[in-house]
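# Here is a sequence together with a model predicted from it:
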Amino acid sequence: VQLQASGGGLVQPGGSLRLSCAASGFSLDNYDIGWFRQAPGKEREGISCISKADSTTDYADSVNGRFTMARDNAKNMVYLEMINLQPDDTAVYYCATGPTIATMVPEEYDYWGQGTLVTVSS
């Protein structure tokens, strides 16, 4: 089971990015997937998750209304569309899988990809 997050970069406040999470060795549609982020000096924070059963999504209050998570089973990919990015969104973003249910609790996840850095700055 391998995951790889990509799509990070430098963006100005108010800008947008789309992060991708690619899976290898397994089919993403059989798993609940979560997106997490970790800012310097802070704990890892769950920001969204998507269920394997019906692709129901859930979001942390900090990103609700600005971030959208979706899966493309045909491409074995999961995406995180981020709009109206703010400096507080600066962090390394990770995708993960392996929980028993879709959740934003990092400790429930078994498999983590390498993160991708998002920097929001003018």
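Sure thing, it's come through.
# so residue 24 touches residue 2, yeah?
Yes: with contact defined as Cβ atoms under 8 Å, residue 24 reaches residue 2; the gap is 4.6 Å. The C-beta positions use only the backbone N, C-alpha and C, and glycine is treated the same way.
# OK, contacts around the residue nearest to residue 38 when sequence neighbours are not counted?
Counting by Cβ to Cβ, 6 or more residues apart in numbering, residue 38 lies nearest to residue 44, which is 4.4 Å off, once chain neighbours are set aside. Residues near residue 44 by Cβ atoms under 8 Å, 6 or more residues apart in numbering: 36, 37, 38, 94, 106.
# Return the member of those nearest to residue 82.
Nearest to residue 82 among those, counting by Cβ to Cβ, is residue 37 at 10.3 Å.
# What about residue 95, how many residues nearby?
The number of residues packed near residue 95 is 31, by other Cβ atoms under 10 Å.
# Helix or strand for it, just tell me which one.
Element membership of residue 95, judged by DSSP states H and E, is strand 91-97.
# How far does that strand sit from its chain's centre?
Centroid separation between strand 91-97 and its chain, computed with Cα atoms, centre = their mean, to the nearest Å, is 5 Å.
# Direction included, what does the next helix or strand after that strand pair up with?
Once the chain leaves strand 91-97, the next helix or strand it forms, by DSSP H and E, is strand 111-112. Strand pairing for strand 111-112, using DSSP bridges, gives strand 91-97 (antiparallel).
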